[in-house]
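Chemist: The sequence isn't on hand, but the structure is:
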């Protein structure tokens, strides 16, 4: 399970975030490209925009559930 | 008129040339290659394509499917970006297919070939997002 204490600083404030367990597999970026992007220098994903529509939120949730290492959290508040 | 002796001599020369060629091919060192790659990323596909281009056997260690391979790559390279390719103990870190090819050529492990790689060798991880 993702841990908010270990989330990457690049994540924008809000419900969804990626923590340091991310293995840069591309699944979340494929699933929810409007919200997840890649840190090219760090080699991991982060949330660059929190979902603003129910559709985006559903895709972020799908990414969370599909993440192979459970590096995505949705308890970021905001 | 055909000079039989000369003809024979010619044949021998051709045979020798053939032998030299064959010998050179056999004596070419076959590198031991271990590649730490992702399942579908563009960089990784580029590296696999270079291996196919030169018909090189290599061990494909998929760091997404097997977390142990990822840990091994990080331990060896001191960073978490792939592809990392180990050629006869020499570690190439965070490289694309073109860079692997350049190293193999420079090290004399492969010869220039007219064969064209069957996938882009300099494509990033998520090129479709960046255009």
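Modeler: Yep, it's here. In this text, all values refer to a predicted model and were calculated from it rather than measured experimentally.
Chemist: and the residue nearest to residue B:92 when sequence neighbours are not counted, what pLDDT?
Modeler: In space, and not counting its chain neighbours, residue B:92 is closest to residue B:85: 4.6 Å by C-beta to C-beta, 6 or more residues apart in numbering or on different chains. The way it works is simple: take the backbone N, C-alpha and C, and place the C-beta from them, glycine included. For residue B:85, the pLDDT comes out at 98.
Chemist: Next: residue A:75.
Modeler: 94.
Chemist: and the closest residue to it other than its chain neighbours, how many residues sit next to it?
Modeler: Computed as C-beta to C-beta, 6+ apart, the closest residue to residue A:75 that is not its neighbour in sequence is residue A:4, at 6.2 Å. Residue A:4 has 13 neighbouring residues, counting by other C-beta atoms under 10 Å in any protein chain shown.
Chemist: so where's chain A shaky on pLDDT?
Modeler: A:78 (pLDDT under 70).
Chemist: What strand or helix carries the residue nearest the centre of chain B?
Modeler: Nearest to the mean C-alpha position of chain B, by C-alpha atoms, centre = their mean, lies residue B:51 at 4.2 Å. In the assignment (DSSP states H and E), residue B:51 maps to helix B:42-53.
Chemist: got a list of contacts for that helix?
Modeler: Outside helix B:42-53, the residues that touch it by C-beta atoms under 8 Å, 6 or more residues apart in numbering or on different chains are B:33, B:35, B:37-38, B:56, B:58, B:60, B:82-83, B:85, B:95-98, B:100-101, B:104, B:113, B:115-127.
Chemist: For that helix, the averaged confidence score.
Modeler: 94.
Chemist: buried ones in that helix?
Modeler: Residues B:42, B:43, B:44, B:45, B:46, B:47, B:48, B:49, B:50, B:51, B:53 are the ones in helix B:42-53 that count as buried (16 or more other C-beta atoms under 10 Å in any protein chain shown).
Chemist: Reformat those residues as a markdown table; add distance to residue A:42.
Modeler: Listed next are those as a markdown table, based on distance: C-beta to C-beta, whole Å:
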| residue | distance to residue A:42 |
| --- | --- |
| B:42 | 18 |
| B:43 | 15 |
| B:44 | 18 |
| B:45 | 22 |
| B:46 | 21 |
| B:47 | 21 |
| B:48 | 24 |
| B:49 | 26 |
| B:50 | 26 |
| B:51 | 27 |
| B:53 | 31 |
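Chemist: ok, back up a step: how close does the residue nearest to the centre of chain B get to residue B:38?
Modeler: Residue B:51 sits 15 Å away from residue B:38, going by C-beta to C-beta, to the nearest Å.
Chemist: what's the answer for residue A:75, then?
Modeler: 28 Å.
Chemist: Likewise for residue B:103?
Modeler: Distance from residue B:103 to residue B:38, by C-beta to C-beta: 20 Å.
Chemist: More neighbours: these two, which one.
Modeler: Taking neighbours as other C-beta under 10 Å, residue B:103 and residue B:38 compare with residue B:38 leading, 22 against 16.
Chemist: so how far is chain A from the closest residue to the more buried one other than its chain neighbours?
Modeler: Closest residue to residue B:38 apart from its sequence neighbours, by C-beta to C-beta, 6+ apart: residue B:44 at 4.6 Å. Distance of residue B:44 to chain A, computed by C-beta to the nearest C-beta, to the nearest Å: 11 Å.
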